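Peer 1: build me a model:
(one chain, ligands or ions: 1)
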Amino acid sequence: MKLSPLQKFRYQYVPKLPGMLRNGIAEICVKEGAETSSVRDQEKIKALFPNTYGKKEIIFQKGENTSAAKKQVVGVILSGGPAPGGHNVISGLYDALKASNKENILLGFKGGPSGLTNDNCVILDDATIDAYRNTGGFDIIGSGRTKLETEEQFKIAAEVCKKRGVTAIVIIGGDDSNTNAAVLAEYFAANNTGVQVIGCPKTIDGDLKNEDIECSFGFDTATKTYSELIGNIQRDANSGKKYWHFIKVMGRSASHVALECALECQPNICLISEEVAEKKMSLSQIANYIADSVCARAERGMNFGVAIIPEGVVEFVPEFSVLIQEINELLAGSKADKFNELPSWKDKYEFIEKGLTNESMAVFAILPEAIQQQLFLERDPHGNVQVSLIESEKLFSALVKDVLAERKKNGTFNGKFGALHHFLGYEGRCAFPSNFDADYCYSLGYNAFMLIQYGYTGYLSKVSNLSKPAEEWVAGGMPITKMMNIERRHGHDKPVIRKALVELDGKPFKYFQANRDTWAVETAYTFPGAIQYYGPAEVCDLTTRTLALEKE
Ligand code: FBP
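Peer 2: Alright, predicted model coming up:
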């Protein structure tokens, strides 16, 4: 494989561990804190996790290592969408495991959680690990979105672990994957398999965070990558002065990515899905809100701008989410075949008109035809609308264009409006991890092994105090059950880790709110530039604005 100069240099990078993990394995001891209880629904969660509930928070400290140094065979799984730093979680885990005992083995289960149930794994050795240190991507073993959640899967997993002598599994994933890690840990404990399960918090979406997990890994690098590109687009917009750029950024449920990019770049507009839901904003209200900025800037001679749109926003617009539900019902079961057989879009449109309520039809009618067709033609295997595929950046620019056409007619808009569209998502998920993510991830992996070594199960590897230099980070573990509550999912009550949405009374949103009216009218763009891997720490080790504001 031909290596780029950066990749060669990144191999040499030595990730920074929290101070208490720096003296070598023999010098790491455990301090147990208080027993924990779940954030809500304590009695129900306790009943569902009789073997793993209520365990103590733990912190590692410098001191004599008192763990029973038994031989470990650890299996590692990457779950869900890639996030920069996944390879470093694995290399941190590997280094700690080998430093503890050269005979220890690290198995990589391939292609995500299904690698465990399909018994598809590979032994990770020095050569493999060294080829992936400090690189982006999940390609070392691949990832997948299979969910480990049924009793049958757990049984097979237990058999595979027994066959391979696996003593612990590390699951690197988001809220769902770590919820399932907790259920698997409970199953293994209840069935005396002796296999421990440790989770690591991953997702570029940033929605796995709570009072214990300050941020999921990958968010830092992904948002820095998008912010670099948005900054560049802003500069282009300000140079040519002729386009409005509508930029959709990833983040299926929460708008943390959009908000962080807005804090970094100060664009004219950034929608926040959680606010849209809170204010029950309609599509036309959102379009008018953006159009106000277009008009105000046009009056000042600036017929250009930048608007950031979070990927999941349409699901948060109440009228749109009702429309989606109606479409799903309209095409449920065999009705989809009947629809598909209709020869032309005109016939299909008539079918739709008859099937939707007047309210939903009114919403449907204002959508651009390309979006209308997307809603009916691109559907998931269950026949449901694939909301994440909706090109909301095009949807909103089309709606704004309609509003502006009306305003032109009544003389309240005399400017020009030319729109360009972008979707930033996959560009950021496999970038070379920033120094922050390289350090954080390596620490999470190293720490995960320490939790295994000390016999813990059902824990999330926890590294905190992240807004400070790595030396001051605090390493430890938190029972996953502490982060759980009961939620209704697909018609059933389920114990799950609460997904963290943007808090409208939180400091990052408040800062944005205090400044956005100015940004909407003026050209207050900032240009974060590319991630810097080498140079002064105040440039290279900077964390996100979100984390900095939250910890202020
Ligand atoms: P995870 O929650 O698994 O980390 O993935 C999040 C994400 O990056 C979203 O932002 C995006 O909507 C989705 O993955 C896309 O997934 P896919 O890779 O399956 O297209």
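Peer 1: buried stuff in the helix ranked longest in the chain?
Peer 2: Criterion DSSP state H: the longest helix present in the chain is helix 219-240. Within helix 219-240, the residues scored as buried using 16 or more other CB atoms under 10 Å are 219-231, 233-234, 237. (Each C-beta comes from the backbone N, C-alpha and C, glycine too.)
Peer 1: how close does the closest residue to L17 other than its chain neighbours get to V195?
Peer 2: For L17, ignoring the flanking residues on the chain, the nearest one in space by CB to CB, 6 or more residues apart in numbering is S443 at 5.4 Å. Going from S443 to V195 by CB to CB, to the nearest Å gives 24 Å.
Peer 1: mind checking how far the very next helix or strand once past the longest helix of the chain is from the chain centre?
Peer 2: Downstream of helix 219-240, the first helix or strand assigned by DSSP states H and E is strand 244-249. With CA atoms, centre = their mean, to the nearest Å as the basis, strand 244-249 stands 19 Å off its chain's centre.
Peer 1: give me phi/psi at L375?
Peer 2: phi -60, psi -30 (degrees, to the nearest 10).
Peer 1: could you check how far it is from T223?
Peer 2: Distance from L375 to T223, by CB to CB: 29 Å.
Peer 1: mind listing what V249 touches?
Peer 2: Listed by CB atoms under 8 Å, 6 or more residues apart in numbering, the contact set of V249 reads 226, 257-258, 261, 308-311, 423-425.
Peer 1: ok, and which of these reach the ligand?
Peer 2: Among the contacts of V249, the residues within reach of the ligand (CB under 6 Å from any ligand atom) are E311.
Peer 1: so which of the contacts of V249 is surrounded by the most neighbours?
Peer 2: Taking other CB atoms under 10 Å as the neighbour criterion, C261 ranks highest of the contacts of V249 with 32 neighbours.
Peer 1: my guess is that residue contacts C270, does it?
Peer 2: Yes - at 7.3 Å, C261 and C270 qualify as touching, with contact defined as CB atoms under 8 Å.
Peer 1: quick check: neighbours shared by those two?
Peer 2: I308.
Peer 1: related to what we said a few turns ago, okay, buried residues for the stretch of helix or strand the residue nearest to L17 belongs to please.
Peer 2: Taking DSSP H and E as the criterion, S443 maps to helix 435-453. By neighbour count on 16+ other CB under 10 Å, the buried set for helix 435-453 is 435-453.
Peer 1: of the contacts of V249, closest to T36?
Peer 2: Distance to T36, by CB to CB, is smallest for V257 among the contacts of V249, at 29.6 Å.
Peer 1: the closest one: what's it in contact with?
Peer 2: 204-206, 219, 222-223, 226, 249-251, 310.
Peer 1: try it again at 7 Å.
Peer 2: V257 sits next to 204-206, 222-223, 226, 249-251, 310 when contact means CB atoms under 7 Å, 6 or more residues apart in numbering.
Peer 1: single out whichever of these has the smallest pLDDT.
Peer 2: Across the contacts of V257, the smallest pLDDT goes to G251, namely 91.
Peer 1: for burial, what's the neighbour tally of that residue?
Peer 2: For G251, using other CB under 10 Å, the count is 28.
Peer 1: one more: F432?
Peer 2: 22.
Peer 1: name the element A158 belongs to?
Peer 2: Counting by DSSP H and E, A158 is part of helix 151-164.
Peer 1: residues in contact with the helix or strand just after that helix: which ones?
Peer 2: Downstream of helix 151-164, the first helix or strand assigned by DSSP H and E is strand 168-173. When contacts are defined by CB under 7 Å, 6+ apart, strand 168-173 is touched by residues 72, 74-80, 86, 89, 93, 177-178, 181, 195-200, 202, 448, 452.
Peer 1: what kind of secondary structure is the residue nearest the centre of the chain in?
Peer 2: Residue closest to the mean C-alpha point of the chain, counted by CA atoms, centre = their mean, is D205 at 2.3 Å. Using DSSP: H, G, I helix; E, B strand; the rest coil, the structure places D205 in coil.
Peer 1: I'd say it and S255 touch.
Peer 2: No - if you go by CB atoms under 7 Å, D205 and S255 don't touch, sitting 9.3 Å apart.
Peer 1: how far off centre is stretch 364-377?
Peer 2: For stretch 364-377, the distance to the chain centre is 28 Å (CA atoms, centre = their mean).
Peer 1: what do you get for stretch 466-485?
Peer 2: 17 Å.
Peer 1: rewinding a little: between the buried residues of helix 219-240, which is closest to the ligand?
Peer 2: A222 (8.0 Å; CB to the nearest ligand atom).
Peer 1: check contacts around the closest one.
Peer 2: 83-84, 204, 257, 428-429, 431.
Peer 1: which single residue of the stretch 301-450 of the chain ends up nearest the ligand?
Peer 2: For the stretch 301-450 of the chain, CB to the nearest ligand atom, closest residue to the ligand: S388, 5.1 Å.
Peer 1: list the contacts for that residue?
Peer 2: Neighbouring residues of S388 by CB under 7 Å, 6+ apart: 252, 311.
Peer 1: which residues in the stretch 1-150 of the chain form helices?
Peer 2: 5-12, 42-48, 86-100, 114-117, 126-130 (DSSP state H, counting those that start in this stretch).
Peer 1: next, the buried residues of the first one.
Peer 2: The reference is to helix 5-12. For helix 5-12, by 16+ other CB under 10 Å, it's 7, 10.
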